[in-house]
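Peer 1: any chance you can model this:
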Amino acid sequence: MALDRWIGLILLGIFAAYGYAAWFTMDGNLAPFMQRNPIWPSTFPKVLSLMGIIVGLIIVLGLEKSDKPREENPSVIVYRQLKEFKLGQAGLLLALMVAYALLLRPAGFIIATVGFLVIGSAILGERRWITMIVVAGLATGIVWYLVQVVLGIFLRPLPAFMGV
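Peer 2: Numbers count the residues shown, from 1 in each chain. Have a look, this model is predicted:
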């Protein structure tokens, strides 16, 4: 089996486990009056898991592949040529995701998320610092507003020592 199909199979397993958690375990502790709301805290994870399962199935079944030969289609992954990809950037982004997850609670959502987006953009090669900070700040503020106000889920915006 080709490398891209193995990756698709791994993604399919991850999203199936995530979907199982979203559909069967996240709603178990909800109060009965919250279960009548049209949008639950588990709605986004459910939608995300379904989309991930669909994408995983598309990759595993090979529906995204074209009939072009390898030379004309650079999106084909050949595991013997993995060194040609930017593995350093991928490793740094994975380390940054772990750091983000570890810093989310002590640093607060806004500081951790803005830092993650700005540093992640810098790792990917973006050097327009003012644009990165403004876009990261706006995106973080919008997501925080949607989660905190629209969904009603408490999300600590700033570090605990700041009193928020």
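Peer 1: let me know the pLDDT of Asn73.
Peer 2: In this model, Asn73 is scored at 68, pLDDT.
Peer 1: ok, now Leu57?
Peer 2: As predicted, Leu57 sits at a pLDDT of 94.
Peer 1: would you mark the buried spots in the host helix or strand of it?
Peer 2: In this assignment (DSSP states H and E), Leu57 forms part of helix 43-61. For helix 43-61, the neighbour count (16 or more other Cβ atoms under 10 Å) marks 45-46, 49, 52-53, 56, 59-60 as buried. Any C-beta I mention is one placed from the backbone N, CA and C, and that applies to glycine too.
Peer 1: domain ranges for the protein?
Peer 2: In the domain annotation for the chain, the residue ranges read 1-61, 83-150 (the TED database).
Peer 1: beyond the longest helix anywhere in the chain, next helix or strand please.
Peer 2: Longest helix in the chain by number of residues, with DSSP state H as the criterion: helix 87-107. Using DSSP H and E, the helix or strand that follows helix 87-107 in sequence is helix 109-123.
Peer 1: show me what counts as buried in that next one.
Peer 2: For helix 109-123, by 16+ other Cβ under 10 Å, it's 109-121, 123.
Peer 1: for those, which one is nearest Gly88?
Peer 2: Looking at the buried residues of helix 109-123 and their distance to Gly88, the nearest is Ile123, at 9.1 Å (Cβ to Cβ).
Peer 1: surely that closest one touches Leu96?
Peer 2: Yes - A contact is recorded between Ile123 and Leu96 when judged using Cβ atoms under 8 Å, the distance being 6.9 Å.
Peer 1: element containing Gly13, please.
Peer 2: Taking DSSP H and E as the definition, one finds Gly13 inside helix 3-20.
Peer 1: could you give the angle of that helix to helix 43-61?
Peer 2: With axes from the mean of the first three to the mean of the last three Cα atoms, to 10 degrees as the basis, helix 3-20 and helix 43-61 are set at 150 degrees to each other.
Peer 1: which helices and strands does helix 3-20 pack with?
Peer 2: Packing contacts for helix 3-20, counted by 3 or more Cβ pairs under 8 Å, 6 or more residues apart in numbering; DSSP states H and E, involve helix 43-61.
Peer 1: report the distance from the helix it packs on to the chain centre.
Peer 2: Relative to its chain's centre, helix 43-61 lies at 13 Å (Cα atoms, centre = their mean, to the nearest Å).
Peer 1: all good on my end, thank you.
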